[in-house]
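Colleague: have a look; sequence and predicted model below, questions after that.
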Amino acid sequence: MKEQLEKIREQALSEISDSCDVKSLDALKVKYLGKKGELTAILKQMGKLSAEERPVMGQLANKVREDIDSAIEEKGASLKEKEKQERILSEKIDVTMPGKVQTIGRMHPLNIVMREIEEIFLGMGFEIADGPEVEYDYYNFEALNLPPNHPARDTQDTFYITDNILLRTQTSSVQVHVMENKKPPIRIISPGKVYRSDAIDATHSAVFHQIEGLVVDKGITMGDLTGTLEMLMKRLYGDDCKIRLRPHHFPFTEPSAEVDVMCFNCKGEGCKVCKGEGYIELLGAGMVHPKVLENCGIDSTVYSGFAFGLGLERVVMRRYAINDMRLLFENDLRFLEQFR
Amino acid sequence: MNLSMKWLSDYVDVSDVSIKDYCHAMTMSGSKVEGYEAENAEISNVVCAKILSVVPHENSDHLVVCQVDVGKDEPVQIVTGASNVNAGDIVPAALDNSTLPNGVKIKKGKLRGVESNGMLCSLGELKLTKNDFPYAIEDGIFIMQEDAQIGQDICSAIGLDDTSVEFEITSNRPDCLSVIGLARETAATFGKKLNAPEPRYKGIGGSAADTIKVDVHNTELCPRYMAAVVKNAKIEPSPRWMRERLRASGVRPINNFVDITNYVMLEYGQPMHAFDLKYVEDAHINVRNAQAGETITTLDGIERELSSEMLVICDGKKPVAVAGVMGGEYSGIMDDTTTVVFESANFEPASVRKTAKKLGMRSDSSARFEKGLNAGLCENALKRALQLVEILGAGDVVNEYIDIDNSDKSLRTAPFNAEKINEFLGTDISESDMISYLESLELKVEGDKVIVPDFRIDVECMADVAEEVARIYGYNNIPPTVFKGVAQGMLTEKQQFIRKIENTVSALGGSQILTYSFISPKHFEKMCLPQDSTLRNVIRISNPLGEDTSVMRPSMLPSMLEVLSTNYNYRNEKAFLYEIAKEYIPDADSTKLPCEPDRLCIGMYGNVDFYDIKGVLEALLAKLGINDYIVRRPNENTIFGEAVSFHPYRCAVVEVNGTEIAIFGEAHPDVAENYDIGTKVYLAKLNVNEALSISNPEITCKEQPKFPAITRDIALVCDDDIEVFALESAIKGAIGKILEKVTLFDVYKGSQIESGKKSVAYSIVMRSADGTLTDEQAEAAMKRVLKALSQLGAEIRS
């Protein structure tokens, strides 16, 4: 029996060593160690042995089983490793092939900049107000100190729906709605579409976007206006950005100013971009006219305020070097996909 | 307004300031300079020359060879094609390496083999016209009659040495549409003295009233009318200095009297008119409203119909001028005029504006009147015109003029309080500085008041006074500050909702577009809308740029379709676009504003199908917290008028609690064709406001299930017409509470299945929250499912 056991061990170890895949190794395990395996068959003969021989053979049989078992395990591990290596090798791919296309849609450039400006003002504690685009004459003109036949109405070629209803020419109309419905302190911006009957060309559009700003409270000064606009421009154009205010006339503000921003190209030296001025006109602003406050039921002897209106297209075109405003409204995907 | 710097120097001395500094300082104090132009900027190396001899060109019939003295040791030879030069003539000669207007450069060369060292110039080549030098001819060399040295620079010799500054004057400052107004601003800006003497004239005695009668019938529209008479008028060109100044101001010289009226308008800002007495019938001027049906032929030769709200200047019988706007055809000065009547009047601004607008003729005169001129200006302007008549020796001035003055002469004041002004501006300017700024602008401070001069129509309240102080102090000297107080800057629910939609659709691959809100009514046909479609009820623009932009869109769809078409025709192979914007829905009452609801519109084409756009919409609704919706075909009661623009069998609406919030599907093939899109187009529209009102922003975390689930797959065969929604509803109803999820994983039509039928396969997951589900429970549930399905005509596929 001892010889038989030794023989089994020898034969098993040799076959295990020769086996070259997990499947054949599993077959060997069944062949030698299974219920109907060779080792089990021998052990069944144990009963025939003498009492002295039985523990010795038993020990030997267990040792043989252990040896075979560990040999299978060892071989198994190495075979698995080998198979894994082969599989990994077979999985070699061309990493320079293109990735599968995933599309993330793009925001419209006007919206990208609009959101950026909104964020700046939200950070300064402003709210965002909406107002109607089809508007009463009163809100667009009259309440803003532009009575009928005011010559300044000529500068805003207006689309009319009826004698009394028009397409708003300026987001300033929202000022009036806000002041009618909310008592100071007021801090709002109001971005949106405005309409002028300008023939459409590279620098003009009959529809464009403005961002109106309005602050009304006790003790608001013109210095506050300058400070706020300076902060806006530094956020938009960087900390070294400078602004300059020029006296101007808007019926709804007094004093009124046009605000220029230092030419980002020449930093104020004067160049082609700014036509030698060193500055580029960017927005209109001023202290809210006392008549406008009074028209909205706010006591102008107690409260003061400032307002400004920024043309969005101008900022966007400058930022992205867009030379034709029509591109913004044409929506050619090849154009839109450039914006991130 | 173009300002001649020579003219300005009559009133204020800024010879110590460079033109660049002048323009900058004026802009910063409120008179915006658009640019400036030196008249001689383009002309160099052109001199006064004397023709010594003229001989024919040996190789040409039409050229001559001149020897010309240009003030140098040797004469130069210049070939010219002009036939009007003779020995002894003084002419402008552009020498070798000279420049002329419009970028012309002259170099020496050979003309038909004969050397020519420059060019003799015509008026046109110097950018002049016969109006500037009436004695010269247009088509020939400019034979000069000016006092000039041989060799002298041409610009100085003919007065082409002025600089013209172009100002953009705002509508509240008509006083600055004048040399004196700008001189006043100049003096205040540079702290200089304004030298503006009152005009005086001698006259020959007599009274205008002996020659002409004036009646003003509407003193409201004509607060002041002044008339003066000049007898023995000699009509001739005005002198060179006057012509030069007019030219530098952009006004064409005509004759001495017309030039005087223009000169005074430019200098004082007061429009004037000169009538020839013989065309004033009955020597009677009547200022009255036009009568209905009256017409006038204006100076520009056009006959215009007048209406009764227009103010006209009439003679004894008919209108001879539209008040403040334009004169009539025969009202002007002719070569044979002998007696001139000057009009210097004040007209009501709104009336002038309306009249000019209605007649479609804005003039320099109406542009000034409509902004509001002060009646006091009439008198000085009239006196200045009479003074100029005497300076020019143009006629005999009758001393007394007619003055019908009903203007308001009350003193206007504005409050002055230095402390309040500083509080308002955020400055610390001393009261005495403020007073000196104001007085430099002729605003006198008396105690707590500012006396407003009559030319400043714009100064009324404290803020106006503050502006005057601020602009002379310098806007940019006001220290920037940050205002006090705390406030919460936050987005409204709707604003947050819209941003969520944008972010979601962009993340799903949609690119945002931005379109005009007005469209062409032609879209209604392209969208296949029936004649009675509610979408044809639109807001119409009464004065559109053109039909293409004439109605406010009642639907976002046409805007989207147009953009898809643009992209398709640019050969962009696929597109996935969206826009969130407004639609404009008229109110039943047309005196009310329309409704402007926010809409999301999605458009797709290229390698997509119905289920792609449905998937986008489903993902979006899930992200927005809208879960309990059904998707079904639109019926005839749908709120979406655009339903007709969709493929009738590939269109659906999303409904929540009986409210439709979205429509989507494939565009009708006719619509795609109408928009010139040669592939299938998919569209969706979501009513943003309605979606917001039903979206659930609340998130409550659910515990993960404790007990195992049982999954059963079934394959059914049913009629092709049965919608899977019906099958799903049956499954859901049959299983009840223990249903966790039912997923459609296969639909098959084809050879394995009877025609007209389809095979549908579902995976059904059941789970109980109370304990482990038993096989028996699951089997019982599946039996209920099969029963319910068989009632629909769906059987287990064998």
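Modeller: Perfect, thanks for sending it.
Colleague: isn't B:Ser366 right next to B:Ala356, touching?
Modeller: Yes. With contacts counted by Cβ atoms under 8 Å, B:Ser366 reaches B:Ala356, the gap being 4.0 Å. From N, CA and C alone the C-beta is placed, and that goes for glycine too.
Colleague: tell me, what's touching the two both at once?
Modeller: B:Gly324, B:Val325 (Cβ atoms under 8 Å, 6 or more residues apart in numbering or on different chains).
Colleague: just checking, B:Thr337 is part of a strand?
Modeller: No. The assignment for B:Thr337 is coil, going by DSSP: H, G, I helix; E, B strand; the rest coil, so no strand is present there.
Colleague: now residue 284: closest residue in space that isn't a chain neighbour?
Modeller: Using chain A here. A:Gly309 (5.3 Å; Cβ to Cβ, 6 or more residues apart in numbering or on different chains).
Colleague: my question was about chain B
Modeller: B:His284 sits nearest to B:Gly316 (Cβ to Cβ, 6+ apart), 4.3 Å away.
Colleague: SS state for the closest residue in space to B:Asp770 that isn't next to it in sequence?
Modeller: Closest residue to B:Asp770 apart from its sequence neighbours, by Cβ to Cβ, 6+ apart: B:Phe707 at 7.7 Å. Under three-state DSSP, B:Phe707 falls in the coil class.
Colleague: doesn't B:Thr774 make contact with B:Phe707?
Modeller: No. Using Cβ under 8 Å, B:Phe707 is not in contact with B:Thr774; the gap is 11.0 Å.
Colleague: still on that earlier bit, what's the neighbour count on the residue nearest to B:Asp770?
Modeller: 11 (other Cβ atoms under 10 Å in any protein chain shown).
Colleague: tell me which residues touch it, please.
Modeller: B:Phe707 touches B:Arg767, B:Ser768, B:Ala769, B:Asp770, B:Gly771, B:Thr772, B:Leu773, counting by Cβ under 8 Å, 6+ apart.
Colleague: next: A:Asp21.
Modeller: Per Cβ under 8 Å, 6+ apart, neighbours of A:Asp21: A:Leu79, A:Glu83.
Colleague: measure it to chain B for me?
Modeller: 35 Å (Cβ to the nearest Cβ, to the nearest Å).
Colleague: and the longest strand belonging to chain B, how far out from the chain's middle?
Modeller: For chain B, the strand that runs over the most residues, judged by DSSP state E, is strand B:44-56. Mean-position distance between strand B:44-56 and its chain equals 50 Å (Cα atoms, centre = their mean, to the nearest Å).
Colleague: which helices and strands sit right next to that strand?
Modeller: strand B:64-69, strand B:90-100, helix B:154-157 (3 or more Cβ pairs under 8 Å, 6 or more residues apart in numbering or on different chains; DSSP states H and E).
Colleague: the residue nearest to B:His284 - that's part of a strand, no?
Modeller: No. Applying three-state DSSP, one finds B:Gly316 to be coil, outside a strand.
Colleague: and B:His217, what does it touch?
Modeller: B:Asn286, B:Val287, B:Arg288, B:Asn289.
Colleague: just the element for A:Met287, please.
Modeller: Assigned by DSSP states H and E, A:Met287 falls within strand A:279-288.
Colleague: which strands and helices lie in contact with that strand?
Modeller: Using 3+ Cβ pairs under 8 Å, 6+ apart: strand A:279-288 touches helix A:222-237, strand A:243-250, strand A:253-262, strand A:304-311, helix A:312-320.
Colleague: try 7 Å
Modeller: Strand A:279-288 is packed against helix A:222-237, strand A:243-250, strand A:253-262, strand A:304-311, with contacts defined by 3 or more Cβ pairs under 7 Å, 6 or more residues apart in numbering or on different chains; DSSP states H and E.
Colleague: how far away from the center of its chain is the helix or strand bottoming out on mean pLDDT in chain A?
Modeller: Lowest by mean pLDDT, DSSP states H and E among the helices and strands of chain A is helix A:38-43, with a mean of 80. Centroid displacement of helix A:38-43 relative to its chain, using Cα atoms, centre = their mean, is 71 Å.
Colleague: what do you get for stretch B:671-679?
Modeller: Averaging C-alpha positions (Cα atoms, centre = their mean) puts stretch B:671-679 35 Å from its chain's average.
Colleague: returning to that earlier point: switch the contacts of B:His217 over to a markdown table; also include neighbour count and pLDDT.
Modeller: As requested, these are exported to a markdown table (neighbours: other Cβ atoms under 10 Å in any protein chain shown; pLDDT from 0 to 100):
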| residue | neighbour count | pLDDT |
| --- | --- | --- |
| B:Asn286 | 19 | 95 |
| B:Val287 | 23 | 96 |
| B:Arg288 | 17 | 96 |
| B:Asn289 | 18 | 95 |
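Colleague: in chain B, where is pLDDT below threshold?
Modeller: Filtered on pLDDT under 70, chain B yields no residues whatsoever.
Colleague: likewise chain A?
Modeller: A:154-156.
Colleague: residue contacts, B:Pro223?
Modeller: Residues counted as contacts of B:Pro223 (Cβ atoms under 7 Å, 6 or more residues apart in numbering or on different chains) are B:Asn346, B:Ala375, B:Asn406, B:Ser407.
Colleague: for the residue nearest to it when sequence neighbours are not counted, list the residues it contacts.
Modeller: Leaving aside its chain neighbours, B:Pro223 sits nearest to B:Ser407 (3.9 Å; criterion: Cβ to Cβ, 6+ apart). Shown in contact with B:Ser407 (Cβ under 7 Å, 6+ apart): B:Pro223, B:Arg224, B:Asn346, B:Ala375.
Colleague: scan the residues you listed and report the most crowded one.
Modeller: That'd be B:Asn346 among the contacts of B:Ser407, by other Cβ under 10 Å, with 25 neighbours.
Colleague: across the sheet, point out what pairs with that residue.
Modeller: B:Arg224 (DSSP bridges).
Colleague: could you chop the chain up by domain?
Modeller: Using chain A here. A:2-90, A:109-336 (automatic domain parsing).
Colleague: nope, chain B
Modeller: According to automatic domain parsing, the domains of chain B span B:2-39+B:163-190, B:44-157, B:208-405, B:412-475, B:493-694, B:710-796.
Colleague: turn the ones you listed into a markdown table, including distance to A:Asn181.
Modeller: Formatted as a markdown table, the domains of chain B follow (distance: least, Cβ to Cβ, whole Å):
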| stretch | distance to A:Asn181 |
| --- | --- |
| domain B:2-39+B:163-190 | 30 |
| domain B:44-157 | 59 |
| domain B:208-405 | 32 |
| domain B:412-475 | 24 |
| domain B:493-694 | 16 |
| domain B:710-796 | 46 |
